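Visitor: A structural model of the following input is requested.
(one chain, ligands or ions: 2)
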Amino acid sequence: MTMADQENLPERGAPVARRAMLGMLGAGVAGVAAAPWLQRGWENFLGAASQADPTGLTGVLPNPGGFRYYSVVGSVPRKDARTYRLKVNGLVDRPRTYTLDDLRALPQKRLVRDVLCTDGWRVADTPFEGVLLSDLLDAAGVRPEGKAIYFTCFDGVYTESLTLDQARRPDMLVALKMQDKPVSHEHGGPVRLYAAPMYFYKSAKWLSGITVTDEVIPGYWEEYGYDVDGWLDGADRRGDAQAA
Ligand SMILES: Nc1nc2c(c(=O)[nH]1)N[C@H]1C(S)=C(S)[C@@H](COP(=O)(O)O)O[C@H]1N2
Ligand SMILES: [Mo]
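Guide: Ligands and ions are numbered 1, 2, ... in the order given. Now for the predicted structure:
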């Protein structure tokens with residue numbers, strides 16, 4: 001059964017996907033461990049599997065690439081340079097909608113940090129590159145009553161938040177690249193947030209909206225008890241901390 005079929009048959013698709021996935025595991029793990037060049041395919045497979053199986057089974061699968069693919073919804077529309085839009089609005093003087101080319105034309109910043117999920121997995125030294133969130137906020141002109149940022153995603157469900165001070169840090173990116181390649185669909189492309197000093201759940205994938213609000217509106221996981229400030233252990237928590 002192809003992915004396209006599963007999307008048309010959401011009720012019946014998940015069990016089939018789960019069985020197919022477990023079947024592939026036996027053959028897959030050893031093969032991938034012995035053949036690092038297949039990793040890309042394995043990651044794509046995990047991405048596809050998590051799309052077909054939002055119940056989280058993929059969260060327990062080993063992934064030699066380090067990343068585990070997360071989506072709280074079963075399928076996310078694909079966006080490209082023609083269809084992608086990022087809205088910056090809320091308590092700002094100059095609301096604006098950016099295309100992917102608009103974002104590419106702005107100064108880009110590259111950061112290399114360890115990525116950590118609250119589940120315990122870590123991927124060392126992962127490069128992210130994109131536009132400083134603070135540049136977009138400056139361009140929009142945050143009004144004095146603006147105190148926080150609310151992020152929305154084109155999966156239609158996931159949300160995140162930052163205080164304005166956190167958002168203005170020089171290690172908060174609207175990322176266009178991850179691992180020195182355009183952010184893939186599975187990783188939240190074409191544009192995702194990269195909140196470097198925080199747990200990876202703060203880095204909203206499939207970013208579609210940046211709204212300035214007068215207070216923090218807790219994001220998706222935070223409604224389930226995750227810390228609204230997702231600071232990593234040892235992070236310099238100052239609002240204006242340097243991205244050293
Ligand atoms: N839109 C959206 N963003 C999201 C998530 C999600 O489910 N949906 N999961 C978060 C969590 S818990 C993690 S660990 C990372 C995973 O990113 P990855 O799939 O690129 O590894 O994305 C974060 N951003
Ligand atoms: Mo996560």
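
Visitor: can you pull the contacts of the residue positioned nearest the centre of the chain?
Guide: The centroid of the chain falls nearest to K205 when counting by CA atoms, centre = their mean (2.7 Å). Neighbour list for K205: Y70, S71, C153, D155, Y158, H187, G188, G189, R192, L193 [criterion: CB atoms under 8 Å, 6 or more residues apart in numbering]. No exception for glycine: its C-beta is placed from N, CA and C like everyone else's.

Visitor: With V228 instead?
Guide: S161, V216, P218, G219, E222.

Visitor: Please name the residues that touch the closest residue to D227 other than its chain neighbours.
Guide: In space, and not counting its chain neighbours, D227 is closest to Y199: 8.0 Å by CB to CB, 6 or more residues apart in numbering. Y199 sits next to L116, C117, T118, Y226, D227, G230, W231, L232 when contact means CB under 8 Å, 6+ apart.

Visitor: Hmm, the last one is touching A195, no?
Guide: No: with contact defined as CB atoms under 8 Å, L232 does not count as touching A195 (9.7 Å).

Visitor: And these two? Which one has more around it.
Guide: More neighbours surround A195 than the other of L232 and A195, with 26 against 17 (other CB atoms under 10 Å).

Visitor: Could you list the contact residues of the protein toward ligand 2?
Guide: Proximity of the chain to ligand 2, by CB under 5 Å from the ion, involves residues C117, Y201.

Visitor: partners of T213 in the sheet?
Guide: A148 (DSSP bridges).

Visitor: Please verify my assumption that it contacts G90.
Guide: Yes: the pair T213 and G90 passes the contact test of CB under 8 Å, sitting 5.8 Å apart.

Visitor: anything in contact with each of those two?
Guide: G146, Y150.

Visitor: Between these two, which has more neighbouring residues?
Guide: Using other CB under 10 Å, the more surrounded residue of T213 and G90 is G90, with 19 against 16.

Visitor: could you measure the more buried one against ligand 2, distance?
Guide: 26 Å (CB to the ion, to the nearest Å).

Visitor: What is the burial count for D93?
Guide: The burial count for D93: 9, using other CB under 10 Å.

Visitor: Leaving out chain neighbours, which residue sits closest to it?
Guide: Using CB to CB, 6+ apart, the nearest residue to D93 is G141, at 3.6 Å.

Visitor: Can you name the residues that contact the one you found?
Guide: With contact set as CB under 8 Å, 6+ apart, G141 has these partners: V92, D93, R94.

Visitor: now the strands for this structure?
Guide: Ranges of strands in the chain, per DSSP state E, are 86-90, 96-98, 109-116, 122-132, 148-153, 159-163, 172-178, 181-182, 192-195, 207-213.

Visitor: Burial-wise, tell me which of those strands comes out on top.
Guide: Of those, the one with the most neighbours on average (mean count of other CB atoms under 10 Å) is strand 192-195, at a mean of 26.

Visitor: Which other helices and strands does it contact?
Guide: On a contact count with 3 or more CB pairs under 8 Å, 6 or more residues apart in numbering; DSSP states H and E, strand 192-195 meets strand 159-163, strand 172-178.

Visitor: Sheet-wise, list the partners of the shortest one with their directions.
Guide: Sheet pairing here is set by DSSP bridges, and for strand 159-163 it gives strand 148-153 (antiparallel).

Visitor: Centre of the chain to the strand it pairs with, how far?
Guide: Offset of strand 148-153 from its chain centre (CA atoms, centre = their mean, to the nearest Å): 13 Å.

Visitor: Other residues contacting that strand?
Guide: Under CB under 8 Å, 6+ apart, the answer for strand 148-153 is 90, 133, 137, 158-164, 167, 188, 193, 204-217, 219.

Visitor: re the thing from before, would you reformat the contacts of V228 as TSV and include distance to V112 and pLDDT?
Guide: Output for the contacts of V228, formatted as TSV (distance: CB to CB, whole Å; pLDDT from 0 to 100):
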residue	distance to V112	pLDDT
S161	25	97
V216	28	97
P218	29	93
G219	25	93
E222	27	87
